[in-house]
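Enquirer: Quick one, fold the following:
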Amino acid sequence: MKSLLIVSSLLVAACTAADVPAEGGGGLAGTAEVGTPVEAPGIDRTVTQLAPPTKEAGPVPVFRWEAVQGAHGYLLVVQGPDGRATWAWRGEATSVPLGGVEGAPSAGTLEAGSLWSVAALDAQRHVIAVSPLRPASP
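Expert: Below you'll find the model as predicted:
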């Protein structure tokens, strides 16, 4: 059975975007609005988000999720309360602090009302699993 998942149009588009740096983080200023729920044929797995908590995540939280079998990398997108992408990261790890580097100056701070989602990617950068949008506020 096909799953009905919340997939941000930005998240799907960014899976192949050249401006999402690998393994280094970096900012991504975007203007895409949050997508409405769409049918995602062939994507019947969900990425399980572990952290940060939905409230009191701190200004520079660490995003964590469970590994997905068959994943060769992940794409994380954080969006502000206005629905615009504020930061994105692509890499192989299953955790990353906002800004991309532990202990380094952040690319910004988490705003109240932010949401985040992570997609698991196969070797060809196709989405094989995706998380729902999850709130995270400082």
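
Enquirer: From now on I want contacts and neighbour counts done on CA atoms only, so please keep to that.
Expert: Fine.

Enquirer: Give me the below-cutoff pLDDT ranges for this protein.
Expert: By pLDDT under 70, the weakly predicted segments of the chain are 1-41, 103-107.

Enquirer: ok, residue 62 touching residue 97?
Expert: Yes: under the criterion of CA atoms under 8 Å, residue 62 makes contact with residue 97 at 3.9 Å.

Enquirer: all strands for this protein, in order.
Expert: Counting by DSSP state E, the chain has strands at residues 4-5, 38-39, 49-51, 62-65, 73-79, 85-91, 95-97, 114-121, 127-130, 134-136.

Enquirer: I'd like those strands laid out as JSON lines, including distance to residue 108 and mean neighbour count.
Expert: Formatted as JSON lines, the strands of the chain follow (distance: least, CA to CA, whole Å; neighbours: other CA atoms under 10 Å):
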{"stretch": "strand 4-5", "distance to residue 108": "28", "mean neighbour count": "16"}
{"stretch": "strand 38-39", "distance to residue 108": "30", "mean neighbour count": "13"}
{"stretch": "strand 49-51", "distance to residue 108": "18", "mean neighbour count": "17"}
{"stretch": "strand 62-65", "distance to residue 108": "13", "mean neighbour count": "20"}
{"stretch": "strand 73-79", "distance to residue 108": "11", "mean neighbour count": "26"}
{"stretch": "strand 85-91", "distance to residue 108": "9", "mean neighbour count": "24"}
{"stretch": "strand 95-97", "distance to residue 108": "11", "mean neighbour count": "20"}
{"stretch": "strand 114-121", "distance to residue 108": "12", "mean neighbour count": "25"}
{"stretch": "strand 127-130", "distance to residue 108": "24", "mean neighbour count": "23"}
{"stretch": "strand 134-136", "distance to residue 108": "14", "mean neighbour count": "21"}
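
Enquirer: Lovely, talk soon.
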